[in-house]
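Asker: Here is my input, please return the structure:
(4 chains)
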Amino acid sequence: MIKVLFFAQLKELLQCSQLNVELATPCDIQTLKQHLINEHPDWEVHLNTNKVLSAVNQRMVDVNHSVKHGDEVAFFPPVTGG
Amino acid sequence: MIKVLFFAQLKELLQCSQLNVELATPCDIQTLKQHLINEHPDWEVHLNTNKVLSAVNQRMVDVNHSVKHGDEVAFFPPVTGG
Amino acid sequence: MTQIHINVQTSDFDIAQEYASLRENNTQDGAIVFFSGLVREMNQGHGVTGLFLEHYPGMTEKSLQDIAQQASERWPLTHIRIIHRVGQLQVSDQIVFVATSSSHREAAFASCHFIMDYLKNKAPFWKKETREQGDEWVDALEKDQIALDKWQPKA
Amino acid sequence: MTQIHINVQTSDFDIAQEYASLRENNTQDGAIVFFSGLVREMNQGHGVTGLFLEHYPGMTEKSLQDIAQQASERWPLTHIRIIHRVGQLQVSDQIVFVATSSSHREAAFASCHFIMDYLKNKAPFWKKETREQGDEWVDALEKDQIALDKWQPKA
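Answerer: Residues are numbered from 1 along each chain as shown, chains lettered A, B, ... in the order given. As a prediction, this is how the structure comes out:
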């Protein structure tokens, strides 16, 4: 199982802050995104954009980063703190 | 009359913090220095060095800067504040 | 060995207390640099009456720790303190505080600036502004990304 | 229009009070940068137990005003505060304080750093250290002069 989190405007657009995904792992972030889009076709416009950043186990990664069972994956917009 | 001030180690080396000079003015800083050295030959080693900075009327200037009657001229070592 | 303190909190902070902590039993540092970020009334051309800060608990602390660690490897620092607030803030409120101390001012200035530039780009905080026309998420600015260029090794 | 405050004083200063002055009625600034310089126990390789600061009264204030003026022309700043102490100081004492505030952090960081670099080279202060072997005037360092290079217009 993979725990998937969404933050900020992405969370609001998807109307979802967290869900669990069962996937043949290891896969990569892009595959996980595609899986989410297959389940929720209206998410494509929000997820399939280079404006969405990804983290695996609380570290930022790129879309080729691999994901395995037990990982925590997060998707969010560019950060605006400070 | 020109008011001449010395600061920090230069003041200690010359054992002088202030003196007044009557000079045919306008002249320049280098001429004023030479006048002081003529009056105090042991000051030459301390005054005729590029380690000594000059100010006229409380603004840093170079040795070609002109000096006139009523000016306040200061000589001091490189500054070390902050 | 740099002493690193990181705090992510809803409550306000007292810069005098932070400054006192940096100076306590500290006879080796000649230079302390501080940055403090405040909620502005005008941002990117529109009026703001409040600011909500969302973050990613867990990752936030890790990312700030990681940025502080990088700074401590790059400059000889005695202390690094980072405080970032989350939750609902008002105009003029303090948002973020970064302080670095070192024997020398160049290290203190550069490291404090470096930490802020990285925090702006790498730490998972998101600002939602309360505007007259309603609440809006703040857009990330390209200039904040460009600000990182100065910290890249020269070719 | 930048508000400039300059103080040359024998007494200590309270950075919390300075910070409060910068924040007072200030809803436009997003960034405050502070520098504070302290008396170190070790300097240029020898132990120090005290520090005497001589200055050139009159010129000191003018030169700080002039440096602040240059900074205010170069960056969009709301406030500049400079405090420099003179007279007899002890280890860990505060020597100098520079704060700048602006809408944006790049201006606040750069201007505070600029003011310190120019103060180090242009303001008529001289330090005499109390060392175990007796009192000695501090030598100016070449690196402080080199620090000005970064503020020259690029060729």
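
Asker: and the residue in chain A that chain B sits nearest to, what does it touch?
Answerer: Chain B sits closest to A:G82 of chain A, with a gap of 28.2 Å, by CB to the nearest CB. Just so you know, the C-beta spots here come from the backbone N, C-alpha and C atoms, and that holds for glycine as well. Shown in contact with A:G82 (CB atoms under 8 Å, 6 or more residues apart in numbering or on different chains): C:G37, C:H84, C:I95, C:V96, C:M116, C:L119, C:K120, C:A123, C:F125, D:R105.

Asker: ditto for C:L148
Answerer: Applying CB under 8 Å, 6+ apart to C:L148 gives the contacts C:D117, C:Y118, C:N121.

Asker: pLDDT score for the closest residue to C:W151 other than its chain neighbours?
Answerer: Spatial nearest neighbour of C:W151, chain neighbours left out: C:F114 (5.6 Å); criterion: CB to CB, 6 or more residues apart in numbering or on different chains. pLDDT for C:F114: 98.

Asker: same deal with C:A155?
Answerer: So, for C:A155, pLDDT stands at 65.

Asker: Look at the nearest residue to C:G30 once chain neighbours are set aside and tell me its secondary structure.
Answerer: Spatially, and ignoring its direct neighbours in sequence, C:G30 is nearest to D:R40 (4.5 Å; CB to CB, 6+ apart). When classified by DSSP: H, G, I helix; E, B strand; the rest coil, D:R40 comes out as coil.

Asker: Now do the strands in the chain.
Answerer: Using chain A here. With strands called from DSSP state E, chain A shows them at A:2-6, A:18-21, A:27-28, A:53-56, A:59-61, A:66-67, A:72-76.

Asker: oops, chain C please
Answerer: Using DSSP E, strands in chain C cover C:3-9, C:31-38, C:42-43, C:46-47, C:50-55, C:77-85, C:87-90, C:94-102, C:125-131, C:134-137.

Asker: quick one: which of these has the weakest pLDDT on average?
Answerer: Among these, strand C:42-43 scores lowest, at a mean of 83.

Asker: Where neighbours are concerned, which of the contacts of C:L148 has the most?
Answerer: The member of the contacts of C:L148 that has the most neighbours, counting by other CB atoms under 10 Å in any protein chain shown, is C:D117 with 23 neighbours.

Asker: Look up the pLDDT of it for me, please.
Answerer: 98.

Asker: doesn't C:I146 make contact with it?
Answerer: No - C:D117 is beyond contact range of C:I146, at 9.7 Å (criterion: CB atoms under 8 Å).

Asker: how about the residues of chain C near chain D?
Answerer: Proximity of chain C to chain D (CB under 8 Å from any CB of the partner chain) is limited to residues C:14-16, C:19, C:23, C:26-43, C:91-92, C:103, C:105-106, C:108-109, C:112-113, C:116, C:147.

Asker: Quick one, which of these are buried?
Answerer: In the residues of chain C next to chain D, burial by neighbour count holds for C:15, C:19, C:23, C:26, C:29-40, C:43, C:91-92, C:103, C:105-106, C:108-109, C:112-113, C:116, C:147, counting by 16 or more other CB atoms under 10 Å in any protein chain shown.

Asker: Could you report the distance from the residue of chain A closest to chain B to B:F6?
Answerer: 49 Å (CB to CB, to the nearest Å).

Asker: Kindly report the same for C:I15.
Answerer: Distance from C:I15 to B:F6, by CB to CB: 41 Å.

Asker: now A:M1
Answerer: Distance of A:M1 to B:F6, computed by CB to CB: 80 Å.

Asker: Between the two, tell me which one has more neighbours.
Answerer: B:F6 (24 against 11).

Asker: where does the more buried one land on pLDDT?
Answerer: On the pLDDT scale, B:F6 gets 98.

Asker: for it, what are its contacts?
Answerer: B:L14, B:C16, B:S17, B:Q18, B:A74, B:F75, B:F76.

Asker: Of those, just say which sits nearest to chain C.
Answerer: Closest to chain C, out of all of the contacts of B:F6 and judged by CB to the nearest CB, is B:F76, at 22.6 Å.

Asker: what's near enough to touch C:W75?
Answerer: C:T100, C:S102, C:A107, C:A108, C:A110, C:S111.

Asker: Phi and psi next, for it.
Answerer: phi -130, psi 150 (degrees, to the nearest 10).

Asker: before we move on, back to that, just so I know, which of the strands of chain C lies nearest chain A?
Answerer: If we rank those by CB to the nearest CB, the stretch that ends up nearest is strand C:125-131, at 2.6 Å.

Asker: quick one: strands adjacent to the closest one?
Answerer: If you go by DSSP bridges, strand C:125-131 pairs up with strand C:50-55 (antiparallel), strand C:134-137 (antiparallel).

Asker: Pull out the buried residues from the last one.
Answerer: Read that as strand C:134-137. C:W137.

Asker: close enough to count as contact, A:G70 and A:V21?
Answerer: No - A:G70 is beyond contact range of A:V21, at 11.9 Å (criterion: CB under 8 Å).

Asker: Which neighbours do those two have in common?
Answerer: A:M1, A:I2.

Asker: still on that earlier bit, whichever of the contacts of B:F6 end up buried, select them in ChimeraX.
Answerer: A single ChimeraX command selects the buried members of the contacts of B:F6 (16+ other CB under 10 Å):
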select /B:14,74,75,76
